[in-house]
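Participant: Okay, predicted coordinates and the sequence, questions at the end:
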Amino acid sequence: MINIEKKTLSNGLRVVVHVDKSTPLAAVNVLYNVGAKNENPDKTGFAHLFEHLMFGGSKNIPSYDEPLQLVGGDNNAWTNNDVTNYYLTLPAENLETGFWLESDRMLELDFSDQSLDVQRKVVIEEYKQRYLNQPYGDVPLLVGPLAYKVHPYQWPTIGKDISHIENANLQDVKDFFYSHYAPNNAIMVVSGNVDPDKVFRLAEKWFSDIPTRQIAKSNIPVEPEQFEERKLTVERNVQADMIHMVYHIGSRTDSDFHTVDLLSDVLSNGPSSRLTQSLMKEKQMFSDINAYISGDQHPGLFTVTGRLLPSTRLEDAEQAIHNELDKISSALVSDYELQKVKNKVESTLIFSEINFLNKAMNLAQFELLTKAEDINTEVEKYQNVSAEQLLESAQKTFKPNNRSTLYYKAKA
């Protein structure tokens, strides 16, 4: 059981505290409820750009990293479709330094053409390296628009097109900041060797004067149900053919989330999973194959993806995957098979809760989705999934008209 104390400041900032006396350190995790889905379709990549800009100096602190390093701290951040997450760790006695740094960049960044230019170049280079010049790197740029026709999940966090970041100006950046980065759109979790009363006092001292802001309304279109199978074939300069298949599923907060997650585990979690056993070991069609779910705030995707061995044709690989999905959609999984994946999930969740920083990040996510306390019932929700629910979920998901398939062919 993870102990949790919470308080909401008058400006809307939610503060969650978890005490862990097993470490001399503390973590400060600030989660902003803004991701790629909140962007203008003509100005994408901004949430990810801000992941970089937030380290480029704030109103009263020209360098974020330097003061943190002086007190023995470390930091990083990540962005996805739904959120932007910033975190730092430092010796618990230096906790206030973390509050000082995080509050100043929540208040206002050092908005300058120079800072924007530096970070713009970093992001453009990352776009080229990760998406354009890396084998299979453009898969997210291809699959998103294939599966989504109106929802902003159709573009990756790096952005829809590199020109959107190239053309970003200072006013665009300021507008995005003031309409999303605010105490009333953020959750701060502090975990580690801390005293909750002191944390709440520091939160009041450093954050309570930051004004509440008008958060941009989320007029995000609902993706209509897919009624026809979609296919796309591309040729690229890669070593091996790849197949990438996606099915629409529900959101992270849907009642069947844990069922769909276990369904992906039965198919591909570990060497004894169905796809690995059948298509890699027995039939020797793939060099690797995986199944996973997106776990997004809005309805997401169930992905099956694999790289083919040279002797395998793409059409045969596709049919082999269909056969495995048909099997799991037509018969109950055994009690042994289901319990095995449940045990794996339980051990993974328990292991992730050993580290105080992981706990801070997970608590922030749960507080945003529902409430932080739900972290304590997560294992139970997985253990309660039945074989009948798994079968029902497979039948609902793995329908041809719910499928989009990318053939990623190696140039001859």
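Facilitator: That came through, no problem.
Participant: didn't Thr303 look like it was pressed against Val246?
Facilitator: Yes: between Thr303 and Val246 there is a contact at 5.1 Å, judged by CB atoms under 8 Å. C-beta coordinates here come from the backbone N, C-alpha and C atoms, glycine included.
Participant: of the two, who's got more company?
Facilitator: Val246 (23 against 20; other CB atoms under 10 Å).
Participant: ok but the more buried one is inside a helix, no?
Facilitator: No: per DSSP: H, G, I helix; E, B strand; the rest coil, Val246 lies outside any helix segment and is strand.
Participant: Show me what it bridges to in the sheet.
Facilitator: Legend: beta-bridge partners of Val246 under DSSP bridges are Thr303, Ser404.
Participant: tell me which element the nearest residue to Ser329 once chain neighbours are set aside is part of?
Facilitator: Nearest non-adjacent residue to Ser329, counting by CB to CB, 6 or more residues apart in numbering: Ala394, 4.2 Å away. Secondary structure assignment for Ala394, by DSSP states H and E: helix 387-397.
Participant: Need the residues that contact that helix.
Facilitator: Contact with helix 387-397 is made by 247-249, 256, 259-260, 262-263, 266, 302, 325, 328-329, 331-335, 338, as judged by CB atoms under 8 Å, 6 or more residues apart in numbering.
Participant: Give the buried subset of these as a ChimeraX selection command.
Facilitator: Burial among those is assessed by 16 or more other CB atoms under 10 Å; the matching ChimeraX selection reads:
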select :247,248,249,256,259,260,262,263,266,302,325,328,329,333,338
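Participant: gap between stretch 364-378 and the chain center?
Facilitator: On the basis of CA atoms, centre = their mean, to the nearest Å, stretch 364-378 sits 15 Å off its chain's mean C-alpha point.
Participant: Just the terminal-to-terminal distance for it.
Facilitator: Taking CA to CA, to the nearest Å, stretch 364-378 runs 15 Å from one end to the other.
Participant: Same question for stretch 377-395.
Facilitator: First-to-last distance for stretch 377-395 - CA to CA - comes to 27 Å.
Participant: so for that stretch, what's the average pLDDT?
Facilitator: Taken as a whole, stretch 377-395 carries a mean pLDDT of 97.
Participant: Likewise for stretch 166-173?
Facilitator: Throughout stretch 166-173, pLDDT has a mean value of 94.
Participant: can you list the residues that contact stretch 326-338?
Facilitator: Counting by CB under 8 Å, 6+ apart, 262-263, 266-267, 274, 385, 387-388, 390-391, 394-395, 398 sit against stretch 326-338.
Participant: what do you get if the cut-off is 6 Å, keeping everything else the same?
Facilitator: With contact meaning CB atoms under 6 Å, 6 or more residues apart in numbering, stretch 326-338 is reached by 266, 387, 390-391, 394-395, 398.
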